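Sequence first, then the predicted structure, then my questions.
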Amino acid sequence: MEGVLSFRDVELRFGGVVALDAVSFDVAPNTICGLIGPNGAGKTSLLNCLCRLYPCYGSIRFDGHSIIDQPSHRIASLGIARTFQNVALFDDMTVLQNVMLGAHSRGTSGVSAMLLRWRGAVREEHEFEQRAREMLALMQLEAVSDDPAGELSFGMRKRVELARALAIGPKLLLLDEPAAGLNHEEVEGLRSLILEIRDRFSLTVLLIEHHMNLVMRVSDQVVALDFGRKIADGTPQMVQEHPEVIRAYLGRSA
């Protein structure tokens, strides 16, 4: 049965280089799916295909509809939000302003209405700010809401980016190496936060991560890629014990 997110025979090539080779799997609603694999396995490329940053072949369906022909600027409005390997914030803007940008992606008022301060646009702007402040409270960032994002520590900047993604009100949350650069205590806090977010907002989460302890403890499903191919798909324990996964990570047979 097709999940809320479904990949079928997704292929991506850069010239003669095969980045993704007929990748197929489904992600069930309200679950956390960990996407693992060595560097260069095709994990981020798959997310870029999903977000329509890379043109690809095959089928990608979300919430029962094909998104393979959607332009990248429509993805957020469909209910898909993403964080990145390298934190992508506007450093000169405040934390609150950065998070409000996420809410703006679902807005209906045009630029002219916002500039002319039409009643509907003003009401929508207040709703955006309220949503952003709720996400900042969830991330325990209220105290720095008026600070420039560029002055924050790396770990706090990660939380701002996650707050911005949640401000979109997504059905699907894509996390690209959220534990990168975090210490042990921060990683443990991240694990609890991902679970809380999934349960509180009834989200589906697709998580790319090299921190295996985090992936195996937080995921309901794990998909392993290697050289652009899917080599395993199942529960964390099943994938951990899969001979091809062991070979990909350790360079030897199980």
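Perfect, I can see it now.

any residues touching stretch 132-149, and which ones?
Contacting residues not belonging to stretch 132-149 are listed as 89-96, 98-100, 102-103, 152, 156-157, 159-160, 162-164, 166-167, 193, 197, 200 [CB atoms under 8 Å, 6 or more residues apart in numbering]. Glycine gets a C-beta too; all of them are placed from N, C-alpha and C.

actually stretch 203-212, sorry about that
4-5, 27-36, 43-44, 47, 50, 170-180, 187, 194, 197-198, 215, 218-219.

make it 7 Å
Residues outside stretch 203-212 that contact it (CB atoms under 7 Å, 6 or more residues apart in numbering): 4-5, 27, 29-36, 43-44, 47, 170-179, 187, 194, 197-198, 215, 219.

ok, back up a step: just the ones of the contacts of stretch 132-149 in helices?
95-96, 98-100, 102-103, 156-157, 159-160, 162-164, 166-167, 193, 197, 200 (DSSP state H).

Can you say which of those are buried?
Among these, those buried by neighbour count (16 or more other CB atoms under 10 Å) are 95-96, 98-100, 102-103, 156-157, 159-160, 162-164, 166-167, 193, 197.

Which parts of the stretch 101-250 of the chain are strands?
Applying DSSP state E, counting those that start in this stretch to the stretch 101-250 of the chain gives strands spanning 172-176, 204-208, 221-226, 229-234.

Could you dump those into a markdown table and include mean neighbour count and mean pLDDT?
Output for these, formatted as a markdown table (neighbours: other CB atoms under 10 Å; pLDDT from 0 to 100):
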| stretch | mean neighbour count | mean pLDDT |
| --- | --- | --- |
| strand 172-176 | 23 | 97 |
| strand 204-208 | 24 | 97 |
| strand 221-226 | 23 | 97 |
| strand 229-234 | 18 | 97 |
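
what would those strands look like in CSV with distance to V144?
Formatted as CSV, the strands of the stretch 101-250 of the chain follow (distance: least, CB to CB, whole Å):
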stretch, distance to V144
strand 172-176, 21
strand 204-208, 25
strand 221-226, 34
strand 229-234, 40
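
Show me the one of the ones you listed that comes nearest P243.
Closest to P243 of the strands of the stretch 101-250 of the chain, according to CB to CB: strand 229-234, at 9.1 Å.

And A121, what's its pLDDT?
Looking at A121, its pLDDT is 61.

no wait, H73
So, for H73, pLDDT stands at 89.

Likewise for the one 5 residues further on?
As predicted, L78 sits at a pLDDT of 93.

Quick one: neighbours of it, just the number.
14 (other CB atoms under 10 Å).
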